[in-house]
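Asks: Just need the structure, nothing else, for what follows:
(one chain, ligands or ions: 1)
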Amino acid sequence: MKQPQLSEAHHPRPQWKSRMGFILAALGSAVGLGNIWRFSYLCYKNGGGAFLVPYLIALFVVGIPLMILELGIGHRMRGSAPMTFAKVNRNWEWCGWWAVICAMFGIMLYYSTVISWCFNYVFFSFDLRWGIDANHFFFQEFLKISSGPGEIGDIISPIVLGLIGVWAFSWLIVFFGVQKGVERANKIFMPLLLVLTIVLVVLSVRLEGAMEGIKVYLTPNFDLLTKKQVWIDAFSQIFFTLSLSFGIMITYASYLPRKVNIVKDAYIISLGNCLFSFISGFAVFGTLGYMSHATGKPVSEVVSQAIGLAFVTYPQAISLMPKMFCNFFGVLFFGSLVVAGLSSAVSLIEAFSSAVIDKFHYPRKVVVSVVCIAGFFGSIIFTSQSGLFWIDIVDHFINQYGLILVGIFQCILLGWIFKLSKLREHINHAGGIVLRRWWEVCIKFVTPIVLILLFINNLQKELSSPYEGYPWEAIILIGRDWLIVALIAALFVAMRPWKRELVDQSEH
Ligand code: PFF
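Replies: Numbering: from 1, shown residues only. Have a look, this model is predicted:
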């Protein structure tokens, strides 16, 4: 079937300078805040070492096949997500827009706020500002948390200041383009992050009692594998951690040269990201082991939920360490969170900006500047006293619904409407490891079925009781309506004409 296609003849696409530059940028997007504390916490909660079983199954059944799909289609169509979807089928362009709008005006707005918290905590580490009660400090003194999502309260100035830094820095990187900005920054970020993490792991595992914590982290409790929630957590984490479904990998692959090794790169990025999570777990649990040793409480009592783990438990552990060393340790931990977060933030802005540039053909510098200014103002709501609640609700809706829906649509569009065997041929033609038929089976059947089951399960749970006990109005307004407004905006933009001419391209 012939589809009207978009020409790129007159406008050469930016390109990565080197393959390493591309891999580092994609890894930079994947490795983020979620790798350091979310993975460790999930692992602990879901049966320690046994969690690696569903996690690895999710990685191979859904993560890697989708990574190959996104890299393959981005490379084949040479466009951002909306352009890629439009090239496959004009009626599906909205799905690409929905993905990048969710990424930019959903994830990025709160993600930048959490990076700003980390940024503040780097400075707090110098004088252990959280004092003896890190829990009270975080919720009452730093966030000045209000009574619920409905009571917005004041804007917290240190968070806004950090936010200005985060947006200005990200703006600067994306402003300079693919090679001089994104690629160059990640060539610094990623080795830096690796060094920071290795130092952190080495220091943590040498702390007294660290081995106790690591034992808790890795001791498998296979009984938990019969629980549905463990599998749901594993599949959801794989999506978020690999930055799938938001058009990021599609966009990054569109800047690749013709001859590439897509399958191998997809393996390197996916396995590298998961290995990073696994290794940073040693730092987190080594420190928790130390804390348990120093306070005489069992590890199960010192461990806490995701956000609490990074901003309450960790500062508490840092305070227990020897003088001077503790400040260094704090700067190292929060500094690595800032670096990991920034490289992911850059990818979120790039995916959206690239989509606008493709469609309307405005100059990059103008697009990026407008997007960052709008993004900064948009994220201010998350710096208010009710910010934490808003972050929690938006994050929940985007991850449980937005991400999964886009994933399902992506599988339907590319697996069933587009000829998947042609894409496999293209990937094999581009070079490297040969991609076999199992991949088609995954994309056509296994992945969408798993995602649909996840979606149904999430919806059932949602309707049975309000998420985290928040008032229904808040959930509907901040979560559901937000997704719907993003969808309407996506449909609207998709209906606007393309600035570049449409030409027929009968390659498939
Ligand atoms: N992968 C990043 C993390 O694990 O923290 C976060 C992320 C970035 C999620 C980009 C989604 C995304 F599109």
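Asks: interface residues of the stretch 101-250 of the chain facing the ligand?
Replies: Applying Cβ under 6 Å from any ligand atom, we find that the stretch 101-250 of the chain lies next to the ligand at A103, I107, F240, T241, S243, F246, I248. Yep, even glycine has a C-beta here, placed from its N, CA and C like the rest.
Asks: Top of these by number of neighbours, please.
Replies: F246 (32 neighbours; other Cβ atoms under 10 Å).
Asks: residue contacts, the closest residue to the ligand within the chain?
Replies: Per Cβ to the nearest ligand atom, G32 is where the chain lies closest to the ligand, at 2.4 Å. Counting by Cβ atoms under 8 Å, 6 or more residues apart in numbering, G32 touches Y111, T241, S243, A340, G341, S343, S344.
Asks: Could you report the separation of the closest residue to it other than its chain neighbours from I456?
Replies: Excluding its sequence neighbours, the residue lying closest to G32 (Cβ to Cβ, 6 or more residues apart in numbering) is S344, at 3.5 Å. S344 sits 29 Å away from I456, going by Cβ to Cβ, to the nearest Å.
Asks: okay, the two: which has more neighbours?
Replies: In terms of neighbours (other Cβ under 10 Å), S344 is the more surrounded of S344 and I456; the figures are 24 against 10.
Asks: Confirm the more buried one sits in a strand?
Replies: No. Counting by DSSP: H, G, I helix; E, B strand; the rest coil, S344 is not part of a strand but helix.
Asks: who's in contact with it?
Replies: S344 neighbours (Cβ under 8 Å, 6+ apart): G28, S29, A30, V31, G32, L33, Y111, S243.
Asks: Of these, just say which sits nearest to W167.
Replies: Y111 (11.4 Å; Cβ to Cβ).
Asks: from the chain's centre, how far out does the helix or strand containing that closest one sit?
Replies: In this assignment (DSSP states H and E), Y111 forms part of helix 108-127. Centroid separation for helix 108-127 versus its chain: 17 Å, with Cα atoms, centre = their mean, to the nearest Å.
Asks: Could you pull out the buried residues of the following helix or strand past that helix?
Replies: Using DSSP H and E, the next helix or strand after helix 108-127 towards the C-terminus is helix 134-136. By neighbour count on 16 or more other Cβ atoms under 10 Å, the buried set for helix 134-136 is A134.
Asks: And the contacts of helix 134-136?
Replies: Contacts of helix 134-136 from elsewhere in the structure, counted by Cβ under 8 Å, 6+ apart, are G308, F311, V312, T313, P315, Q316, S319.
Asks: between these, which has the most around it?
Replies: With neighbours defined as other Cβ under 10 Å, the most crowded of those is F311; it has 27 neighbours.
Asks: just checking, that one touches W117?
Replies: Yes. If you go by Cβ atoms under 8 Å, F311 and W117 touch, sitting 6.7 Å apart.
Asks: What residues does A494 make contact with?
Replies: Taking Cβ under 8 Å, 6+ apart, we find A494 in contact with P82, A86, E93, W94, G96, W97.
Asks: Out of those, which is nearest to V174?
Replies: Checking the contacts of A494 against V174 with Cβ to Cβ, the nearest one is P82 at 17.6 Å.
Asks: what's the helix or strand for that closest one?
Replies: Assignment of secondary structure by DSSP H and E places P82 within helix 81-88.
Asks: near the ligand at all, that helix?
Replies: No. On the criterion Cβ under 6 Å from any ligand atom, helix 81-88 is out of touch with the ligand, staying 10.8 Å away.
Asks: What of stretch 263-281?
Replies: No. Figure legend: stretch 263-281 not in contact with the ligand (Cβ under 6 Å from any ligand atom); closest approach 7.6 Å.
Asks: ok so, going back, with neighbour count, distance to I349 and pLDDT as extra columns, can I get the contacts of A494 in JSON lines?
Replies: What follows is the contacts of A494, written out as JSON lines (neighbours: other Cβ atoms under 10 Å; distance: Cβ to Cβ, whole Å; pLDDT from 0 to 100):
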{"residue": "P82", "neighbour count": "31", "distance to I349": "16", "pLDDT": "96"}
{"residue": "A86", "neighbour count": "28", "distance to I349": "21", "pLDDT": "93"}
{"residue": "E93", "neighbour count": "26", "distance to I349": "21", "pLDDT": "94"}
{"residue": "W94", "neighbour count": "22", "distance to I349": "21", "pLDDT": "95"}
{"residue": "G96", "neighbour count": "33", "distance to I349": "16", "pLDDT": "96"}
{"residue": "W97", "neighbour count": "27", "distance to I349": "16", "pLDDT": "97"}
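Asks: what's the closest of the residues you listed to V178?
Replies: P82 (17.7 Å).
Asks: Quick check: that closest one touching G96?
Replies: Yes. With contact taken as Cβ under 8 Å, P82 and G96 are classed as touching, separated by 3.4 Å.
Asks: Report the set of residues contacting both of the two.
Replies: In contact with both P82 and G96: G247, A355, A494, using Cβ under 8 Å, 6+ apart.
Asks: So which of those sit within helices?
Replies: A355, A494 (DSSP state H).
Asks: Around the ligand, which positions in the stretch 351-500 of the chain sit nearby?
Replies: By the rule Cβ under 6 Å from any ligand atom, no part of the stretch 351-500 of the chain lies against the ligand.
Asks: from the contacts of A494, which is closest to L200?
Replies: Here the nearest of the contacts of A494 to L200, counting by Cβ to Cβ, is G96; it sits at 37.8 Å.
Asks: Next, the angle from the helix or strand where that closest one lies to helix 108-127.
Replies: According to DSSP H and E, G96 maps onto helix 93-102. Angle of helix 93-102 versus helix 108-127, following axes from the mean of the first three to the mean of the last three Cα atoms, to 10 degrees, is 20 degrees.
Asks: With just CA atoms, put helix 93-102 into CSV.
Replies: Extracted in CSV, the C-alpha atoms of helix 93-102 (Å, rounded to 0.1, in the frame of the first residue of the first chain):
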residue,chain,number,x,y,z
GLU,A,93,0.4,11.1,13.3
TRP,A,94,-1.5,12.1,16.5
CYS,A,95,0.0,9.1,18.3
GLY,A,96,3.5,10.5,17.8
TRP,A,97,2.4,13.9,19.1
TRP,A,98,0.7,12.3,22.1
ALA,A,99,3.9,10.5,23.0
VAL,A,100,6.2,13.6,22.8
ILE,A,101,3.6,15.9,24.5
CYS,A,102,3.4,13.4,27.4
